[in-house]
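Student: Here is my input, please return the structure:
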Amino acid sequence: MSKKTRQQGVRGSRGPVPAKSKKNKQPNRPGQPDRPVFEPNAAGIDIGAREIFVAVPPERDPDPVRKCETFTGDLHQMAEWLVSCGITTAAMESTGVYWIPVYDVLEQHGIKPCLVNPRNMKNVPGKRTDFHECQWIQHLHSLGLLHSAFRPDGEVCAVRSLMRHRNDLVMMASEHIQHMQKALTQMNVQFQHVISDITGLTGLAILDAILAGERDAAVLAKLRDPRITADEETIRKSLEGTWRAEHILALKQRLSLYRSHRDLIDECDKEIEKLVAAFEPRVDPDEKPMPEDRKQKQRRRKKKSGSPDFDMRTEAYKLFGVDLTQIPGLMMLVFMLFSEVGRDMSRWPTAAHFVSWLGLCPDNDISGGKVLWRGARRTKNRAGALFRLAAHSLHRDPSPMGNYLRRMKAKLGPAAATTATAHKIAIVFYTMVKNQVEYDASLWAQRDQKREKRLEARLRKQAAQRGYKLVPVEAAA
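Tutor: Residues are numbered from 1 along each chain as shown. You can find the predicted model right below:
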């Protein structure tokens, strides 16, 4: 056996097997029949926090597997080596956030990255050391067995990063509110149960007065805003408590942290507004005005504390070219969906592909002609979670979509009904953005008529099977 053969070793049916002569040598599969290669210029990368392993086809370099540190200069050297080896695409697993710098460096050098979900490879046999893992990824990628995960364009990714950071800040601010309520409860000050929001005008005014040293409940109750539902006497009774110094300190610090996070959220909103303004608008609201808001006739709701300060409806209309806020449930989620999926729906050939990627369609496991399992896939998709959140908010909505949710709850149960409604909202979203059509609520009336006809036909059939005949009320009278 030659030295080259000993270095290559033998790869068995379950993946690459290292040779015993020397470690970290390239395995080989002598005598194995040739397989079609769909990506001859493919590389495989095993991602780590401090080092990565890169594998190229054995004939491209005498040392086809190299270890690289994750410093920026080393990553650029790795990319230049891949270019010199004629590599045009490289596959890697999405390990935490460690893959992002590698992904960006590969794009800068003209190499197409292929980001792979590790879940899709967990059932693929192979050695699980870093040295062999990169070779196994390269082999699978060359055979066309790896499918790239969805990643939006760089501009959309910038908005997505800020939106996710903003959501984290909102969650942190909400935690400080909960700790403020905890401090008040420990002092038996119950006014957080009397007013709906202690971070509103009345709540902040009373908290500032308490921290300034005011302890008279009657004086504190006079800070009540006239729009508060509770009367002044009820608020006065709720502001009587035991003012302990340790809880006052906790209340003071939590209020300070809450206001700090609110300032950070406002800063994020300004930066997001700048990034969104840089996108080329698909429509000019002056030339093509927005459709009439279907919610204008309803009671005007107050602005939520977690919503951005700029006009989201107008900006979203310019971005997508259609008014997606008309879709029931998506009023406050349009920008978050833009940051997750972008506005290029050509990535998915049909709406069915889109909802399948979201994890909102049923799946099954069939073996031997028998259905072993049926249900929704367990996947963590942020965009799919947003559509589920939109569906969950429609429980009391008077729209046809809300009626559909309530009807499905009675038929399928809460969880399945939420998924079914989210599936329908996602199809409407995809159709509006891709075909550039506005939301048409009149289509629901046509569907309701067809559903009523099917229900009537089913009732007539059931009555006929039991020897009865359905007669309309008008005819019977």
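Student: Break the chain down into its structural domains.
Tutor: 35-142, 154-277, 312-440, 443-477 (automatic domain parsing).
Student: I'd like to know which of the ones you listed is closest to Pro291.
Tutor: Pro291 lies closest, by C-beta to C-beta, to one member of those: domain 312-440, at 5.2 Å. Where C-beta positions appear, they are placed from N, C-alpha and C, glycine not excepted.
Student: ok, which stretches of the protein are strands?
Tutor: 10-12, 15-17, 42-46, 51-55, 65-69, 89-93, 112-116, 362-367, 370-376 (DSSP state E).
Student: Relative to the fourth one, what are the paired strands and their orientations?
Tutor: What it means is strand 51-55. Using DSSP bridges, strand 51-55 pairs in its sheet with strand 42-46 (antiparallel), strand 65-69 (antiparallel).
Student: And the contacts of the first one?
Tutor: The contact list for strand 42-46, computed with C-beta atoms under 8 Å, 6 or more residues apart in numbering, reads 52-57, 82, 85, 87-93, 102, 111, 130, 133-142.
Student: To Arg282, which of the strands paired with strand 51-55 lies closest?
Tutor: Nearest to Arg282, of all those, is strand 42-46, at 36.1 Å by C-beta to C-beta.
Student: For the buried ones among the contacts of strand 42-46, write the corresponding PyMOL selection.
Tutor: Here is the PyMOL command that selects only those of those that count as buried (16 or more other C-beta atoms under 10 Å):
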select buried, resi 52+53+54+55+56+57+82+85+87+89+90+91+92+93+102+111+133+134+135+136+137+138+139+140+141+142
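Student: Need the strands of the chain in JSON lines (columns: distance to Leu455 and mean pLDDT).
Tutor: Output for these, formatted as JSON lines (distance: least, C-beta to C-beta, whole Å; pLDDT from 0 to 100):
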{"stretch": "strand 10-12", "distance to Leu455": "60", "mean pLDDT": "36"}
{"stretch": "strand 15-17", "distance to Leu455": "56", "mean pLDDT": "39"}
{"stretch": "strand 42-46", "distance to Leu455": "55", "mean pLDDT": "94"}
{"stretch": "strand 51-55", "distance to Leu455": "60", "mean pLDDT": "94"}
{"stretch": "strand 65-69", "distance to Leu455": "65", "mean pLDDT": "93"}
{"stretch": "strand 89-93", "distance to Leu455": "50", "mean pLDDT": "93"}
{"stretch": "strand 112-116", "distance to Leu455": "47", "mean pLDDT": "93"}
{"stretch": "strand 362-367", "distance to Leu455": "23", "mean pLDDT": "79"}
{"stretch": "strand 370-376", "distance to Leu455": "25", "mean pLDDT": "78"}
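Student: So for Thr421, which of those strands sits nearest?
Tutor: strand 370-376 (12.9 Å).
Student: thinking again about what came up before, select, out of the domains of the chain, the one closest to Pro289.
Tutor: Of all those, domain 312-440 comes closest under C-beta to C-beta, at 9.5 Å.
Student: Tell me how far Trp348 lies from Met432.
Tutor: 14 Å (C-beta to C-beta, to the nearest Å).
Student: swap that for Ile137, please
Tutor: If you go by C-beta to C-beta, the gap between Ile137 and Met432 works out to 38 Å.
Student: Equivalent analysis for Pro62, please.
Tutor: Distance of Pro62 to Met432, computed by C-beta to C-beta: 55 Å.
Student: Kindly report the same for Val334.
Tutor: Distance from Val334 to Met432, by C-beta to C-beta: 11 Å.
Student: The closest residue in space to Lys318 that isn't next to it in sequence - how many residues pack around it?
Tutor: Of all residues not flanking Lys318 in the chain, Pro281 sits nearest, at 3.8 Å (C-beta to C-beta, 6 or more residues apart in numbering). Around Pro281 there are 14 other residues, counting by other C-beta atoms under 10 Å.
Student: show me the residues around Pro291 that make contact.
Tutor: Contacts of Pro291 (C-beta under 8 Å, 6+ apart): Asp323, Gln326, Glu438, Tyr439.
Student: Might you report the residue contacts of the residue lying closest to Gln108 once chain neighbours are set aside?
Tutor: Distances taken as C-beta to C-beta, 6+ apart place Ala79 nearest to Gln108, at 7.3 Å, with adjacent residues excluded. Contacts for Ala79 (C-beta under 8 Å, 6+ apart) come out as Val105, Leu106, Gln108, His109, Ile111.
Student: can you pull the pLDDT of Ala79?
Tutor: pLDDT recorded at Ala79 is 95.
Student: cool, and Ala19?
Tutor: 39.
Student: With Gln135 instead?
Tutor: pLDDT, read off for Gln135, is 90.
Student: quick one: it and Thr129, what's the gap?
Tutor: Taking C-beta to C-beta, one finds Gln135 at 10 Å from Thr129.
Student: Could you do Thr89 as well?
Tutor: 23 Å.
Student: where in the stretch 251-400 of the chain is pLDDT low?
Tutor: Low-confidence segments of the stretch 251-400 of the chain, defined by pLDDT under 70: 294-310.
Student: Tell me where it has helices.
Tutor: Taking DSSP state H, counting those that start in this stretch as the test, the helices found in the stretch 251-400 of the chain are 312-320, 334-341, 351-358, 382-392, 400-412.
Student: one step back: could you check which of Trp348 and Met432 has the larger neighbour count?
Tutor: Neighbour tally, Trp348 and Met432, criterion other C-beta under 10 Å: the higher count belongs to Met432, 21 against 18.
Student: give the contact list for the more buried one.
Tutor: Phe320, Val322, Leu324, Ile327, Glu438, Tyr439.
Student: now the residues you listed as JSON lines including distance to Ile425 and neighbour count?
Tutor: Shown next, in JSON lines, are the contacts of Met432 (distance: C-beta to C-beta, whole Å; neighbours: other C-beta atoms under 10 Å):
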{"residue": "Phe320", "distance to Ile425": "15", "neighbour count": "22"}
{"residue": "Val322", "distance to Ile425": "14", "neighbour count": "23"}
{"residue": "Leu324", "distance to Ile425": "10", "neighbour count": "24"}
{"residue": "Ile327", "distance to Ile425": "6", "neighbour count": "23"}
{"residue": "Glu438", "distance to Ile425": "15", "neighbour count": "12"}
{"residue": "Tyr439", "distance to Ile425": "11", "neighbour count": "19"}
